[in-house]
Structures are given as structure tokens and as C-alpha cells.
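A.B. asks: Show me how the following folds:
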Amino acid sequence: PEENARPAALKIKTTASFAVVGTLAVGTDKAPTILAPCTLTITKVKLVVKTAPTGATIIVDVNKNGTTIFTNQANRPQIAIGATTGDSGTPDIIALSETDKITVDIDQVGSGTAGADLTIEVVTSQSVAFS
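C.D. replies: Coordinates of the predicted model:
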């Protein structure tokens, strides 16, 4: 085998992170908008809070140019009652192009204690081919 051989292609993972500071409230466009830096593929969305919800789960939605990436709403990222982390099922819309706008809606926050100090991570990959 050639000692300096390189792979034909490589996948690079990147994460776009949003923060919602304080006690969560239901609403649209709850964090600053992020622009996709290049062509990317969304693989999942991960969530973490400092204060766990009680009474009901936290449910978040992620939008690409104003439209949900979770056509199947059951796949939206969630944090279970009493938990501090959670993630999504596979998004239905996974392709991002450079300058696509990514925004976040908070659909549910808990019914006893609302969750607080939420970080949303949109996990993406980028394929790089070598010639």
C-alpha cells in the first residue's frame, strides 16, 4: 500500500449552535438567525437545558428559510420531563445551501416548570472529495 495515500472523499461534521437564555417561552424565531456557511447536510438536532422541564416535554422546531425541516412533526427534537438533554429523529429536509437562513421555534416548554437556558445544536456534515 502507498504510504501517503489519501481517501477519495471525506465527511466533515459541523454544528450550528443557538442559545436561548433564561426561562423558556413558546414562540417563533426565539434565537438569532444563523446563515448556512456552505452546502451542508443536516443529520440531527440536539438539545440541552440547565433546568429540566416538568409536567410536559420541551419541543423545539428548526426552520430552513421559514419552513420546518421536520415535515413529520413527531421527529422534532424533544427533552423529556425531568431530563436535561434530548435530540431529534431524522429531519425530513436535510439539504442546506450557502446563505440558507436557519431559525428556531419553541413549541412546548413544560407545563409545571418550564425548561431554562436552552442550547440547540444543528448537527451537519459536508462531503469533501479529493481529486
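
A.B. asks: How many residues are close by residue 50?
C.D. replies: 11 (other CB atoms under 10 Å). Where C-beta positions appear, they are placed from N, C-alpha and C, glycine not excepted.

A.B. asks: mind listing what the residue nearest to it when sequence neighbours are not counted touches?
C.D. replies: Nearest non-adjacent residue to residue 50, counting by CB to CB, 6 or more residues apart in numbering: residue 117, 3.9 Å away. Residue 117 makes contacts with 19, 20, 21, 22, 49, 50, 51, as judged by CB atoms under 8 Å, 6 or more residues apart in numbering.

A.B. asks: Nearest to residue 90 among those?
C.D. replies: For the contacts of residue 117, the closest approach to residue 90 (CB to CB) belongs to residue 49, at 22.3 Å.

A.B. asks: Name whatever forms a beta bridge with that closest one.
C.D. replies: Counting by DSSP bridges, residue 49 is bridged to residue 118.

A.B. asks: do residue 85 as well
C.D. replies: residue 48.

A.B. asks: Confirm residue 6 sits in a helix?
C.D. replies: No: counting by DSSP: H, G, I helix; E, B strand; the rest coil, residue 6 falls outside a helix, being coil.

A.B. asks: confidence score at it?
C.D. replies: Looking at residue 6, its pLDDT reads 70.

A.B. asks: Touching, it and residue 129? I think so.
C.D. replies: No: in this structure, residue 6 is not within contact of residue 129 by CB atoms under 8 Å, at 11.1 Å.

A.B. asks: quick one, what contacts residue 92?
C.D. replies: 69, 70, 71, 72, 75.

A.B. asks: measure it to residue 70 for me?
C.D. replies: 6 Å (CB to CB, to the nearest Å).

A.B. asks: shared neighbours of those two, anything?
C.D. replies: Counting by CB under 8 Å, 6+ apart, nothing touches both residue 92 and residue 70.
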